[in-house]
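Chemist: Turn this into a model:
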Amino acid sequence: MVKKRVNWGLIGFFVEVLGLTLWVGGLLVIIGIIIPTVFNSFGMEPAGRFLRKVFDGYGYMNLGILVVLGLSAGLRHRSYGLERHPVLSLSKAELGLLVGMMIATVSIVGVLGPKAVALQELAFEAVSKPEKEAAYADFFRLHMMVRGLHMVNLGMAAALLIMKLRRPVFHSMSTVPPPSFNAGNMSPKQEETR
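Modeler: Numbering: from 1, shown residues only. Have a look, this model is predicted:
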């Protein structure tokens, strides 16, 4: 009896695609549904505090996904090398996107995010109108940078997801012969009259 081997490369590929789908879909849901709903349902301060928790959770989820992507990329590189297997090996473009996503995510979660939270709290706690306006101006300036990094990160994650899904599709298209128009659908007599 032949023992079947588990193809860990395919399992890793599936987990990576799932993680990237969560990454891209998560931010699209936050931007398209959660943010408008929260700001239409609550005031500025409660909405800001709630969304801060949502983005904190999203950032930590992304860090976890990056750990999984990094481990899987390392295992695939160890097993299949760099660009040796048409589907499962690690590509240079994939490695570049992973490094870019890691830099952007760590910048958001570890550096700019906490500074934006501190500025947001200063704006919420400010008493006088000029003090509040100055605090909000500082907050929104930094917040624009964080939002921009989120969009860049979204673009890199989407590009990586598309790259991952394209490789097996185009590989299978190049290895499978094109279908025959006859393919058993026509009788020999119909084939002669054609």
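
Chemist: quick one: buried residues of stretch 48-58?
Modeler: Going by neighbour count (16 or more other CB atoms under 10 Å), the buried part of stretch 48-58 is 48, 50, 51, 55, 58. C-betas here are computed from N, CA, C, even on glycine.

Chemist: Make CSV out of those residues and add pLDDT, secondary structure and distance to residue 82.
Modeler: CSV is the format used below for these (pLDDT from 0 to 100; DSSP: H, G, I helix; E, B strand; the rest coil; distance: CB to CB, whole Å):
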residue, pLDDT, secondary structure, distance to residue 82
48, 91, helix, 45
50, 94, helix, 44
51, 94, helix, 40
55, 95, helix, 35
58, 96, helix, 31
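
Chemist: Looking at the residues you listed, which one is closest to residue 111?
Modeler: Distance ranking of those against residue 111, using CB to CB, places residue 55 first at 14.3 Å.

Chemist: Please identify the buried residues of the helix or strand containing residue 114?
Modeler: Following DSSP states H and E, the helix or strand that holds residue 114 is helix 113-125. For helix 113-125, the neighbour count (16+ other CB under 10 Å) marks 113, 116, 117, 119, 120, 122, 123, 124 as buried.

Chemist: Those residues: which two are farthest apart?
Modeler: Maximum pairwise distance among the buried residues of helix 113-125 (CB to CB): 16.4 Å, between 113 and 124.

Chemist: what's the helix or strand containing residue 63 packed up against?
Modeler: If you go by DSSP H and E, residue 63 is part of helix 44-80. In terms of contacts (3 or more CB pairs under 8 Å, 6 or more residues apart in numbering; DSSP states H and E), helix 44-80 is packed against helix 8-29, helix 35-41, helix 92-106, helix 113-125.

Chemist: Give the buried residues for it.
Modeler: Buried, per 16+ other CB under 10 Å, within helix 44-80: 47-48, 50-51, 55, 58-59, 62, 65-66, 69, 72-73, 76-77, 80.

Chemist: what do you get for stretch 14-28?
Modeler: 16, 19, 20, 22, 23, 24, 26, 27.

Chemist: I'd like those laid out as CSV, including distance to residue 105 and pLDDT.
Modeler: Listed next are those as CSV, based on distance: CB to CB, whole Å; pLDDT from 0 to 100:
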residue, distance to residue 105, pLDDT
16, 16, 92
19, 13, 95
20, 13, 96
22, 14, 96
23, 10, 96
24, 14, 96
26, 13, 96
27, 12, 95
